[in-house]
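**Student:** how would this look folded up:
(one chain, ligands or ions: 1)
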Amino acid sequence: NAFIYIYLVNSFSRLTDVSVFVGDLAGTLHRVVELFELLGFDRGQQNSAFIQENPESVAVTSLMTTAREECIYRLQGVSYSLPTDPNYRLIEGLTITINTGRNLLVTGQSSSGKTSLLRVLAGFWDIDSGMLERKLASNRSVYLPQKPYFPCGKLTLRQQIHYPRRLLPNGIIDHTENARIADLLKSLKLDDMIARCGGLDTPVEWDWQETLTPGEQQRLTIVRVLYRKPAIAILDEATSSVSSDCEADIYRLLRANGITFVSAGHRPSLLQFHEIELHLDGKTGYTIKELASNT
Ligand SMILES: Nc1ncnc2c1ncn2[C@@H]1O[C@H](COP(=O)(O)OP(=O)(O)OP(=O)(O)O)[C@@H](O)[C@H]1O
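**Tutor:** Below you'll find the model as predicted:
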């Protein structure tokens, strides 16, 4: 009997060890999937509709553009369908220009296609017809999905903030960034995170996704964006779980850091933080409205 118990204890220990490896593997797998999505997008460019990535070009012809604004996205007569069902048309003939500092809010009923549009802008989904021009390199945009993702596998707070960029466990750490990270966490009332995580560089034992509240997760993903400072942030209901005060802080910080944003959401309070509203009617149609932004 003693032998069986020892054998069982040994087997359970091995199972625990394996679970850590599986956690690591999940994080890596997620990155591989993102790579495939990107490659799939590049393949799609060669057929179907005309998608142009032109990071160098800053030529702007939109009437709404001022001297300081640069065009980030230009869509002309864009139509697209569900990737899984070409007969399920989501948008028909969408024409819109997104310039720096002219932040766009995508609204519409549930299932009207808000998330789908953000996926098209991010380059995850192809278009069927029309022209979609991206005038910035893909590494200058950040996409925050509806449900924040935190890779598991004993990662440190610094690694989570750097995600999806990879910081190797034994890689060189830039400690000159510590103060900046601490400031960003403080600006979103997450300063206690450093103590909770045992510092910026201590591998964390607990599961981020299960331990942090939805609001904490959303604020931490915004810290990622502010840390990375992309030209544009694509935010899919990225503030749905935070208070209205915190939501205002988030949009103020994005603006202060010169990050243009395209958001999708339901809350009427979002209108005040954006310059343009694109309303999807859920039947492939849309309306565009200039908003009186007071931020
Ligand atoms: N990956 C997918 N595969 C198949 N169908 C999808 C996929 N993603 C979205 N859809 C379908 O496309 C339609 C539009 O979905 P989408 O998520 O874009 O709407 P939404 O306006 O963002 O909705 P919500 O406000 O509820 O998040 C829905 O009918 C949805 O079921």
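
**Student:** Show the contacting residues for the residue in the stretch 151-295 of the chain that the ligand sits nearest to.
**Tutor:** In the stretch 151-295 of the chain, the residue that lies nearest the ligand is residue 264 (6.1 Å; C-beta to the nearest ligand atom). The C-beta positions use only the backbone N, C-alpha and C, and glycine is treated the same way. Shown in contact with residue 264 (C-beta atoms under 8 Å, 6 or more residues apart in numbering): 105, 106, 107, 114, 115, 117, 118, 235, 236, 237.

**Student:** go on, residue 219?
**Tutor:** 188, 189, 190, 242, 246, 250.

**Student:** ok, now which ones touch the fifth one?
**Tutor:** Looking back up the chat, that one is residue 246. Applying C-beta under 8 Å, 6+ apart, the residues near residue 246 are 188, 189, 215, 219, 239.

**Student:** ok, now the second one?
**Tutor:** The neighbours of residue 189, taking C-beta under 8 Å, 6+ apart as the test, are 219, 246.

**Student:** Correct me if wrong, but it is in a strand.
**Tutor:** No. Secondary structure of residue 189 (DSSP: H, G, I helix; E, B strand; the rest coil): coil, not part of a strand.

**Student:** and it, what pLDDT?
**Tutor:** Residue 189 carries a pLDDT value of 95.

**Student:** What of residue 49?
**Tutor:** In this model, residue 49 is scored at 51, pLDDT.

**Student:** Now residue 110: closest residue in space, sequence neighbours ignored.
**Tutor:** For residue 110, ignoring the flanking residues on the chain, the nearest one in space by C-beta to C-beta, 6 or more residues apart in numbering is residue 266 at 7.8 Å.

**Student:** Quick check, that neighbour in contact with residue 236.
**Tutor:** No. Using C-beta atoms under 8 Å, residue 266 is not in contact with residue 236; the gap is 11.5 Å.

**Student:** Pick out whichever of those two has more residues nearby.
**Tutor:** Counted by other C-beta atoms under 10 Å, residue 266 and residue 236 do not tie: residue 236 has more neighbours, with 21 against 13.

**Student:** Could you double-check that that one lies in contact with residue 114?
**Tutor:** Yes. Using C-beta under 8 Å, residue 236 makes contact with residue 114 at a distance of 7.5 Å.

**Student:** Show me the longest helix that occurs in the chain.
**Tutor:** helix 2-46 (DSSP state H).

**Student:** quick check, that helix touching the ligand?
**Tutor:** No. For a cut-off given as C-beta under 6 Å from any ligand atom, helix 2-46 has no contacts with the ligand; the smallest distance is 11.6 Å.

**Student:** Which secondary structure elements does the lengthiest strand in the chain sit against?
**Tutor:** The residue-count maximum for a strand in the chain (DSSP state E) belongs to strand 85-99. The contact analysis (3 or more C-beta pairs under 8 Å, 6 or more residues apart in numbering; DSSP states H and E) places strand 85-99 against strand 71-82, helix 114-122, strand 260-264, strand 276-280, strand 286-290.

**Student:** Pick the most buried one from these.
**Tutor:** With neighbours defined by mean count of other C-beta atoms under 10 Å, none of these is more surrounded on average than strand 260-264, at a mean of 25.

**Student:** Run the angle between that one and strand 71-82 for me.
**Tutor:** With axes from the mean of the first three to the mean of the last three C-alpha atoms, to 10 degrees applied, the angle from strand 260-264 to strand 71-82 works out at 20 degrees.
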